[in-house]
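Trainee: sequence-free structure coming up:
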DNA sequence: AATTTTAACAAAATCGATTTAGCACAGGTA
DNA sequence: TACCTGTGCTAAATCGATTTTGTTAAAATT
């Protein structure tokens, strides 16, 4: 019950292994193998279900036909949607994907990238976390095909694709302001990532555009590494300290979920006591009464674009890229909370 | 900037490639390489950061050091928790994992298994879906290392590990009955899987043990492949048709989430209008007011056990297994809904 | 008729490791 | 002195493909 090798097929077809290889790789014409022989080989290979040994092919060609996908958390909802699209798109193109999560561990990011390197992935799809800057820089220097998603480092020249964070927040803010709400709080994390900054910029700009003063005390920066309970308390203190707030914009879904818990704990009712809007959708937001309005990320679009950008790099004989930085629009979804 | 090969290391250390291989694979003593030479080789390898070429090793040894993990849905919460543990446990043992999801597509299961076969995974971790029976049978016949999780086929002799479904439901039912609730509905799907049957058996047995009559109309079997909206309506009809119900036991978290939606839609209050209990925890259940009581699966335990069972099979020189069928206890988590 | 081309494939090198078989020398034995 | 036995390593085979180079017979050219 051993594996069928190319040699076996050659023997069965009465030709040399090289001939079989040529035919099965579509180089039959080029190597002027007679059609008669070619079809015979194809038939034999087909009939006995020959499948080339991946490792052998990889070793010889130097291509693993594998992509590495690195995300912050494999249990996050962002990953869930992303992975599905990326996997199917990759498969369509003859690639498969190995997933890795940094689990919000800065140091682990570097290790992961190196681990993938050992495994010889042909290209990288990464949602960058703060600690990974050096490693990514390193990959770029080695001219490894790479695409960043969801964020990027302004200092490193890489293709990337993400939601238009600024515009997304603007959409949400305009809705709130349009409803006459002006005391709008903004909750964010303190990590130095471009997408966070852009969201904050969206918030302040929207206020300014409507001549609403931006108050520092209406902006809460939670620390990233923090006990869940501590964050909850800090959030509650923030809301209590600003009783005038009639709306809160949570800049990530993680923060939004914390917010729901605090708001429930304080016995506040959405949207009347306080309106809530959140960046990045989540299963919970659909269900949690009265439904949390969100800015939805175009995850499928991000995944597809990312794969396209990566494949373009992997495809040696394709010219330079026209567009290496892509921003896709988010979608405002109105539910009951705002 | 080419890759450093074993040959290069050999040259630098002034020895033959084979010697380097022996030393780096810990066979130095056995091959009676002098300690002096061995340490020199190790130092050289260390200094220039030599990493063996995975594909070459795989080709030669015939082991890919890769496990295939097949789940129903990669975006499910079960997968999320499972994957994390399995990945770290696998890594600890020098294996990596490729994930695949059948996405509830019966036919896709078979394809996936074959795809993984092509990729030469050394072993399989599978949460079996109805359509995969034949393919799994096939793997078993080929003596491929395999462990099933979450469910199994009584007709196929494979190692498996899952929660004790019967006992889990019993725990929940006892709690409900202990609170004096006797009109308890049971919502399940109609797929023929052992874990579903066990849960139903837990329900009926618990009722019988407390001399409560089992009424057929209190059991709702929803069809698996169905539009979300249709299921919601059917569920609502079920609740309306049985106004006497004072509690509902949802046999999967997917059903429970549907239940929450319907209950909200009908304006019922938990737990007073109706108590709710659900099998298999979910993020939403922690947050959704008043908190949904659940039977939590010991996912980490399942993952660890599964890896153990699989490794045992992969380890050629380990005797026959003592225990190939493992049932782990679930944990009843009391929240506000019941 | 001698030489060059071309068709059609076969042989062999190669990828980077592992592993088996083998070789040279030292010391011990008969 | 001839023969074995260990030591300590090297040479070469191998895994299963791809790709470069060779080979042979027939056809075309001079």
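Mentor: That came in fine, so what should we check first? Computed from a predicted structure; not experimentally measured.

Trainee: from here on, contacts and neighbour counts on C-alpha atoms
Mentor: OK.

Trainee: For residue A:256, which non-adjacent residue is closest in space?
Mentor: In space, and not counting its chain neighbours, residue A:256 is closest to residue A:250: 5.2 Å by Cα to Cα, 6 or more residues apart in numbering or on different chains.

Trainee: who does the one you found bridge with?
Mentor: With DSSP bridges applied, residue A:250 shows beta-bridge pairing to residue A:187, residue A:278.

Trainee: For it, give its distance to DNA strand C.
Mentor: From residue A:250 across to DNA strand C, the span is 49 Å (Cα to the nearest atom of the strand, to the nearest Å).

Trainee: In contact with that residue, which residues?
Mentor: Neighbouring residues of residue A:250 by Cα atoms under 8 Å, 6 or more residues apart in numbering or on different chains: A:186, A:187, A:188, A:256, A:259, A:276, A:277, A:278, A:279.

Trainee: okay, the residues you listed in JSON lines with pLDDT and neighbour count next?
Mentor: Formatted as JSON lines, the contacts of residue A:250 follow (pLDDT from 0 to 100; neighbours: other Cα atoms under 10 Å in any protein chain shown):
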{"residue": "A:186", "pLDDT": "98", "neighbour count": "21"}
{"residue": "A:187", "pLDDT": "98", "neighbour count": "22"}
{"residue": "A:188", "pLDDT": "98", "neighbour count": "22"}
{"residue": "A:256", "pLDDT": "96", "neighbour count": "26"}
{"residue": "A:259", "pLDDT": "97", "neighbour count": "23"}
{"residue": "A:276", "pLDDT": "98", "neighbour count": "28"}
{"residue": "A:277", "pLDDT": "98", "neighbour count": "31"}
{"residue": "A:278", "pLDDT": "98", "neighbour count": "31"}
{"residue": "A:279", "pLDDT": "97", "neighbour count": "25"}
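
Trainee: how about these, which pair is most distant?
Mentor: Using Cα to Cα, the contacts of residue A:250 span at most 13.8 Å, a distance reached by A:188 and A:276.

Trainee: Give me the neighbour count for residue A:160.
Mentor: 26 (other Cα atoms under 10 Å in any protein chain shown).

Trainee: element containing the residue lying closest to it once chain neighbours are set aside, please.
Mentor: Leaving aside its chain neighbours, residue A:160 sits nearest to residue A:148 (4.4 Å; criterion: Cα to Cα, 6+ apart). If you go by DSSP states H and E, residue A:148 is part of strand A:146-149.

Trainee: Report all helices and strands that that strand contacts.
Mentor: Other helices and strands packing on strand A:146-149, by 3 or more Cα pairs under 8 Å, 6 or more residues apart in numbering or on different chains; DSSP states H and E, are strand A:123-126, strand A:160-163, helix A:299-314.

Trainee: partners of the helix or strand that the last one is followed by in the sheet?
Mentor: Sequence-wise, the next helix or strand downstream of helix A:299-314 (DSSP H and E) is strand A:325-328. The sheet places strand A:325-328 alongside strand A:160-163 (parallel), with pairing taken from DSSP bridges.

Trainee: who's in contact with the strand it pairs with?
Mentor: By Cα under 8 Å, 6+ apart, strand A:160-163 touches A:147-152, A:297-298, A:302, A:305-306, A:324-330.

Trainee: of all the residues in chain A, which ones are close to DNA strand D?
Mentor: A:3-7, A:17-19, A:21-22, A:24-25, A:51-53, A:56-57, A:59-61 (Cα under 7 Å from any atom of the strand).

Trainee: Against chain B, which of these make the cut? List them.
Mentor: Filtering the residues of chain A next to DNA strand D for proximity to chain B by Cα under 8 Å from any Cα of the partner chain leaves A:51, A:53, A:56, A:59.

Trainee: Nearest spatial neighbour of the third one, chain-adjacent residues omitted?
Mentor: Using Cα to Cα, 6+ apart and skipping residues adjacent in sequence, the residue nearest residue A:56 is residue B:59, 5.9 Å away.

Trainee: OK, contacts around the one you found?
Mentor: Residue B:59 sits in contact with A:55, A:56, A:59, where contact means Cα under 8 Å, 6+ apart.

Trainee: Nearest to residue A:72 among the residues you listed?
Mentor: residue A:55 (29.4 Å).

Trainee: quick one: which helix or strand includes the nearest residue in space to residue A:198 that is not next to it in sequence?
Mentor: In space, residue A:198 comes closest to residue A:166 once its chain neighbours are excluded; the distance is 5.2 Å by Cα to Cα, 6+ apart. Following DSSP H and E, one finds residue A:166 within helix A:165-178.

Trainee: same question, residue A:40
Mentor: helix A:35-47.

Trainee: which secondary structure elements does the helix holding residue A:166 contact?
Mentor: Looks like helix A:165-178 contacts helix A:194-209, strand A:275-279, strand A:293-296, strand A:331-333 (3+ Cα pairs under 8 Å, 6+ apart).

Trainee: Okay, angle between it and strand A:275-279 too, please.
Mentor: Going by axes from the mean of the first three to the mean of the last three Cα atoms, to 10 degrees, helix A:165-178 is angled at 170 degrees with respect to strand A:275-279.

Trainee: What are the buried residues along helix A:165-178?
Mentor: A:165-177 (16 or more other Cα atoms under 10 Å in any protein chain shown).

Trainee: What average pLDDT does that helix get?
Mentor: Helix A:165-178 carries an average pLDDT of 98.

Trainee: swap in stretch A:138-156?
Mentor: 92.

Trainee: Now that stretch: buried residues?
Mentor: A:139, A:144, A:145, A:146, A:147, A:148, A:149, A:150, A:151, A:152, A:153.

Trainee: next one: stretch A:311-323
Mentor: A:311, A:312, A:313, A:314.

Trainee: Equivalent analysis for stretch A:279-298, please.
Mentor: Those would be A:279-282, A:284-298, for stretch A:279-298 by 16+ other Cα under 10 Å.

Trainee: Compute the distance from the centre of stretch A:127-141 to the centre of its chain.
Mentor: Per Cα atoms, centre = their mean, to the nearest Å, the displacement of stretch A:127-141 from the mean C-alpha position of its chain is 15 Å.

Trainee: Just the buried residues of that stretch, please?
Mentor: Buried, per 16+ other Cα under 10 Å, within stretch A:127-141: A:127, A:128, A:129, A:130, A:131, A:132, A:133, A:135, A:136, A:137, A:139.

Trainee: Which of those residues fall in strands?
Mentor: Within the buried residues of stretch A:127-141, no residue falls in strands by DSSP state E.

Trainee: Rebuild those residues as CSV, extending it with distance to residue A:72.
Mentor: Output for those, formatted as CSV (distance: Cα to Cα, whole Å):
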residue, distance to residue A:72
A:127, 7
A:128, 8
A:129, 7
A:130, 11
A:131, 11
A:132, 11
A:133, 14
A:135, 15
A:136, 15
A:137, 18
A:139, 18
